[in-house]
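Peer 1: Any chance you could fold what I've pasted below:
(chains A and B, ligands or ions: 2)
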Protein chains: 2
Amino acid sequence: LFAATTVMADPLPSWSDTEVKSGIVAFVETVTDPASDDYVTPSDRIAVFDNDGTLWGEQPVYFQFIFAIDRLKTLAEADPSVLSSDVLTAAAAGDMETVLAGGHDALFEILNATHSGMTVDAFQQEVAQWLEDTKHPDTGLPYDEMTYQPMVELLRYLRDEGFKTYIVSGGGIHFMRVFAQEAYGIPPEQVLGTYTNTEYAMVDGEPVISKVPGIAFVDDKEGKPINIERTIGRRPIFAGGNSDGDFAMLEWTTAGKGPRFGLLVHHTDGDREYAYDRESPIGRLVDGLDKGPGLGWTIVDMKQDWQRIYTGQN
Amino acid sequence: LFAATTVMADPLPSWSDTEVKSGIVAFVETVTDPASDDYVTPSDRIAVFDNDGTLWGEQPVYFQFIFAIDRLKTLAEADPSVLSSDVLTAAAAGDMETVLAGGHDALFEILNATHSGMTVDAFQQEVAQWLEDTKHPDTGLPYDEMTYQPMVELLRYLRDEGFKTYIVSGGGIHFMRVFAQEAYGIPPEQVLGTYTNTEYAMVDGEPVISKVPGIAFVDDKEGKPINIERTIGRRPIFAGGNSDGDFAMLEWTTAGKGPRFGLLVHHTDGDREYAYDRESPIGRLVDGLDKGPGLGWTIVDMKQDWQRIYTGQN
Ligand SMILES: [Ca+2]
Ligand SMILES: [Ca+2]
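Peer 2: Numbers count the residues shown, from 1 in each chain, chains lettered A, B, ... in the order given. Ligands and ions are numbered 1, 2, ... in the order given. Just a heads-up that it's a prediction; the model follows:
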């Protein structure tokens, strides 16, 4: 009698009771049911997630970019010669129009100026301090409380069901690893992303690893499945993203044999968050909306499917 | 009474009862003892191991190189135009003198000719078939039974004590992942190594990842700590190797704060295996012997410290 009346705690309390939620739960129950034809052994329960716009916010611009600009300003205050180009001068002055007009080259210039020339440890202390000191211009929340509560629940639910959860993001590994364990329960070795060159050297008799100029790998678009194959060495069965930068990752994941889940977070809630997709320079989503449903992917309508947005806000 | 007379099963039965064995056990018991000042939480119990010459044999040449030559011969039988250079012609003819005289360039040429132009899946099927079909010229054993039984026991012992065990090898990830799970109990995502470029593309409506020419990363010397930092994101507390290619990895590992273990396998047993170190082109060990003991590293004397060598041989 007791067993029959026990109600399992809802693993996804911040998700509305829509088809999206029931679809996720049905998938997880199927692949973890040893009696099912679609049962997947725990070692193959790999789930990968984009970060910006999927696990936490990304507006008005990527949070790591805000960090870079803040850091550039700090560096320029101490030594104005850091601003050695028009792009850097514009960035430090907050002239985003000039920066954005410079495209990827301008972005990499700012990254090189702010993400190199120090040890990884020192860089990560800077990031930790910045996260502690800085609030988002619109929400007033610390950035690491702007994680999406429904996605944090999804990550935990998947892990509780024997999945290994990974981040696979265009963001930098050294940046994300500072908060990923606490914010998402994802340890450093499960954080994949873009990375700068690093150098190993002896300094004052101690070996140190330092960030040096140059991006060694850009973890975006086709780079995502390539990085997953290279680093994890098996094809995930669950992939979540929010932009066309995730298309290849979801495509590769869901083309595998057996049960697969592709999830796209669609930013539809201009009141509680931001509404953007096809025309947005950040988190542009066109192919995912046009082709995703035909590939069996689930489109999360944030407005309809999420009862709550940020972890730091009730 | 029962508890007092229970003798724990020896976790390292193929190790002789020498100081090396007792040193390993003492280290593991210390870092796993919550009452110890040197206790290490499970998430930080990261152990990294070189593969060739540390976990399995590497004489007369690296086994992956033997695979490459075998594959080159097979390819040339089907299409002689594959042998498009003197180095490749020499390699297919078994003229190792010419190949070795060509240094790294010759090696990369052979790798490009034999480790690209196919999907990762197809490559790994070739490796699996080769491991099944081929025996080592001296021992007559399949290559994947030439793992060192004492090291296989050490890996298992560490995992039983909450460690996460990784391979960090100059060998190729796609090659090693074929046998690492079965031979060592190490899953694909814990196999770090050298890797070729790969490409993501749609072929006949299916996404595939293919190996293409060019080495993207060489996991040797300073590359080892760089790869560990990049991929695992924390400093190991245990590192094992056998050559100067592992020096930086052991140096970085053992320079960390708190208890650390650096282990070098010294090939001293010319009767049961091979005896080589300072003068050997394969597995050259000079700095490790000269500086390792002063850095607190443990040098394993295979002849003295190991009661058994290969897993496939009693
Ligand atoms: Ca994104
Ligand atoms: Ca070696």
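
Peer 1: Spell out which residues of the stretch 1-150 of chain A are next to ligand 1.
Peer 2: Taking Cβ under 5 Å from the ion, the part of the stretch 1-150 of chain A that reaches ligand 1 is made up of A:50, A:52, A:53. To be clear about C-beta, it is placed using only N, CA and C from the backbone, and glycine gets the same treatment.

Peer 1: And the closest residue to the first one other than its chain neighbours, what's its pLDDT?
Peer 2: Taking Cβ to Cβ, 6 or more residues apart in numbering or on different chains, and ignoring the residues beside it in sequence, residue A:50 has residue A:241 as its nearest neighbour in space, at 4.0 Å. We have a pLDDT of 98 for residue A:241.

Peer 1: Check the gap between residue A:241 and ligand 2 for me.
Peer 2: 39 Å (Cβ to the ion, to the nearest Å).

Peer 1: Pull the contacting residues for that residue.
Peer 2: By Cβ atoms under 8 Å, 6 or more residues apart in numbering or on different chains, the contact list for residue A:241 reads A:49, A:50, A:54, A:247, A:249, A:250, A:263, A:264, A:265, A:288.

Peer 1: cool, and residue A:153?
Peer 2: Taking Cβ under 8 Å, 6+ apart as the test, what residue A:153 contacts is A:11, A:12, A:13, A:14, A:15.

Peer 1: Drop the exposed ones from these and show what's left.
Peer 2: By neighbour count, with 16 or more other Cβ atoms under 10 Å in any protein chain shown, the contacts of residue A:153 hold A:11, A:12, A:14, A:15 as buried.

Peer 1: so residue A:64 makes contact with residue A:172?
Peer 2: Yes - counting by Cβ atoms under 8 Å, residue A:172 is a contact partner of residue A:64 at 6.2 Å.

Peer 1: shared neighbours of the two, anything?
Peer 2: With Cβ under 8 Å, 6+ apart, residue A:64 and residue A:172 have no common neighbours.

Peer 1: which among the contacts of residue A:241 gets closest to ligand 2?
Peer 2: The closest of the contacts of residue A:241 to ligand 2 turns out to be residue A:249 (Cβ to the ion; 34.1 Å).

Peer 1: Show me what from chain A comes close to chain B.
Peer 2: Within chain A, the positions adjacent to chain B are A:43, A:120, A:164, A:173, A:177, A:187-189, A:191, A:195, A:198-200, A:206-207, A:209, A:222, A:225-226, A:229-234, A:248, A:251-252, A:255 by Cβ under 8 Å from any Cβ of the partner chain.

Peer 1: how much space is there between residue A:14 and chain B?
Peer 2: 27 Å (Cβ to the nearest Cβ, to the nearest Å).

Peer 1: contacting residues for residue A:291?
Peer 2: Taking Cβ under 8 Å, 6+ apart, one finds residue A:247 in contact with residue A:291.

Peer 1: Mind doing that once more with 10 Å?
Peer 2: Residues in contact with residue A:291 (Cβ atoms under 10 Å, 6 or more residues apart in numbering or on different chains) are A:244, A:247, A:250, A:251, A:297.

Peer 1: Verify the stated contact: the third one with residue A:260.
Peer 2: If I follow you right, that is residue A:250. Yes - Residue A:250 lies in contact with residue A:260 (Cβ atoms under 10 Å); the separation is 9.1 Å.

Peer 1: Quickly list what's touching both of those two.
Peer 2: With Cβ under 10 Å, 6+ apart, residue A:250 and residue A:260 have common neighbours A:236, A:238, A:239, A:295, A:296, A:297.

Peer 1: In space, what's closest to the second one - neighbours in sequence excluded?
Peer 2: What that stands for is residue A:238. For residue A:238, the spatially nearest residue (Cβ to Cβ, 6+ apart) is residue A:47, at 3.8 Å.

Peer 1: try the fifth one
Peer 2: Leaving out its chain neighbours, the residue that sits closest to residue A:296 by Cβ to Cβ, 6+ apart is residue A:254, at 6.3 Å.

Peer 1: in the host helix or strand of residue A:303, what's buried?
Peer 2: Assigning secondary structure by DSSP states H and E places residue A:303 in helix A:302-305. With burial defined by 16+ other Cβ under 10 Å, the residues of helix A:302-305 counted as buried are A:302, A:303, A:305.

Peer 1: quick check: mean pLDDT across that helix?
Peer 2: pLDDT averaged over helix A:302-305 gives 98.

Peer 1: Tell me the residues on the stretch 201-314 of chain A that lie near ligand 2, please.
Peer 2: So the stretch 201-314 of chain A never meets ligand 2 (Cβ under 5 Å from the ion).

Peer 1: follow-up on the earlier one: return the subset of the contacts of residue A:241 lying in helices.
Peer 2: Among those, the members falling in helices (DSSP state H) are A:247, A:249, A:250, A:288.

Peer 1: what residue is smack in the middle of chain A?
Peer 2: residue A:51 (0.7 Å; Cα atoms, centre = their mean).

Peer 1: Next one: the closest residue to it other than its chain neighbours, what pLDDT does it get?
Peer 2: Closest residue in space to residue A:51, ignoring its immediate chain neighbours: residue A:169 at 3.7 Å, by Cβ to Cβ, 6+ apart. Looking at residue A:169, its pLDDT reads 98.

Peer 1: Contacts only, for residue A:169.
Peer 2: With the criterion set at Cβ under 10 Å, 6+ apart, residue A:169 makes contact with A:48-55, A:64, A:175-176, A:180, A:191-194, A:219-220, A:224, A:227, A:241, A:245-246.

Peer 1: Let's see that with 6 Å instead.
Peer 2: Taking Cβ atoms under 6 Å, 6 or more residues apart in numbering or on different chains, we find residue A:169 in contact with A:50, A:51, A:193.

Peer 1: ok, the closest residue to residue A:250 other than its chain neighbours to residue A:95 distance?
Peer 2: Spatial nearest neighbour of residue A:250, excluding adjacent residues (Cβ to Cβ, 6+ apart): residue A:262 at 4.2 Å. The gap separating residue A:262 from residue A:95 is 39 Å, by Cβ to Cβ, to the nearest Å.

Peer 1: Compare these two (neighbour count), which wins?
Peer 2: residue A:262 (25 against 14; other Cβ atoms under 10 Å in any protein chain shown).
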